[in-house]
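Visitor: Sequence below, structure please.
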Amino acid sequence: MINIPPASFRVTPCGEVDAAALDKLRNSFDTSQLLGLVDRLDTSLTEMGGMIALRDDLLKLHTMAQALIEGTLPPVTTEESSVWEVAESVLLDLETLSSWIRTAQMMIAPLVDLVPEHRVNELPDREGN
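Guide: Numbers count the residues shown, from 1 in each chain. Coordinates of the predicted model:
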């Protein structure tokens with residue numbers, strides 16, 4: 001008689017998953033943390049004025065840097081901000097987003113670990129793999 005080991009994966013409504021990883025997550029993963037990520041993203045984006053505001057600030061910083069470094073004529077502006085103030089503001093916004101992204105990556109990574117062994121080679125390379 002052939003001894004067939006039990007499947008190391010389960011077929012679920014959300015696709016095939018590693019059985020052991022699923023059992024582990026069911027005992028340790030709080031799905032409400034994902035909703036918390038959405039709330040924190042909304043808060044971060046609101047505090048910085050949204051992605052469009054960040055984009056606008058990056059374009060403004062480019063124009064200012066171009067005027068300083070390449071000697072182009074800056075557009076006429078009534079704003080009193082200096083290049084370092086704009087750069088500092090953009091940097092702080094990016095740090096806020098970076099912090100959120102690092103947290104989101106840590107929270108989401110256990111869900112990626114649900115990949116069944118026979119599908120691991122389909123994952124793109126990630127840092128730390």
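
Visitor: Buried ones in the longest helix along the chain, by neighbour count?
Guide: Longest helix of the chain, by residue count under DSSP state H: helix 83-112. Judged by neighbour count (16 or more other C-beta atoms under 10 Å), helix 83-112 contains these buried residues: 83, 86, 89-90, 93, 96-97, 100, 104. Yep, even glycine has a C-beta here, placed from its N, CA and C like the rest.

Visitor: Can you tell me which of these comes closest to Asp30?
Guide: Proximity of the buried residues of helix 83-112 to Asp30 (C-beta to C-beta) peaks at Ala104, which lies at 14.4 Å.

Visitor: Model confidence for that closest one, exactly?
Guide: For Ala104, the pLDDT comes out at 97.

Visitor: ok, now Gly71?
Guide: For Gly71, the model assigns a pLDDT of 88.

Visitor: Likewise for Asn129?
Guide: On pLDDT, Asn129 comes in at 48.

Visitor: go on, Ala53?
Guide: For Ala53, pLDDT reads 94.

Visitor: what secondary structure does it sit in?
Guide: For Ala53, the assignment made with DSSP: H, G, I helix; E, B strand; the rest coil gives helix.

Visitor: Quickly note the distance from it to Asn27.
Guide: Using C-beta to C-beta, to the nearest Å, Ala53 is found at 42 Å from Asn27.

Visitor: now do Leu54
Guide: From Leu54 across to Asn27, the span is 39 Å (C-beta to C-beta).

Visitor: same check, this time on Gly71
Guide: Distance of Gly71 to Asn27, computed by C-beta to C-beta: 63 Å.

Visitor: and what of Leu35?
Guide: As judged by C-beta to C-beta, Leu35 and Asn27 stand 20 Å apart.

Visitor: ok, those two, which is more surrounded?
Guide: Taking neighbours as other C-beta atoms under 10 Å, Leu35 and Asn27 compare with Leu35 leading, 10 against 7.

Visitor: okay, now Phe9: neighbour count?
Guide: 20.

Visitor: Val17 too?
Guide: Neighbourhood size, Val17 [other C-beta under 10 Å]: 19.

Visitor: what about the helix or strand containing it, distance to the chain center?
Guide: Using DSSP states H and E, Val17 sits in strand 15-18. Strand 15-18 has its C-alpha centroid displaced from the chain centroid by 23 Å (C-alpha atoms, centre = their mean, to the nearest Å).

Visitor: Noted, bye for now.
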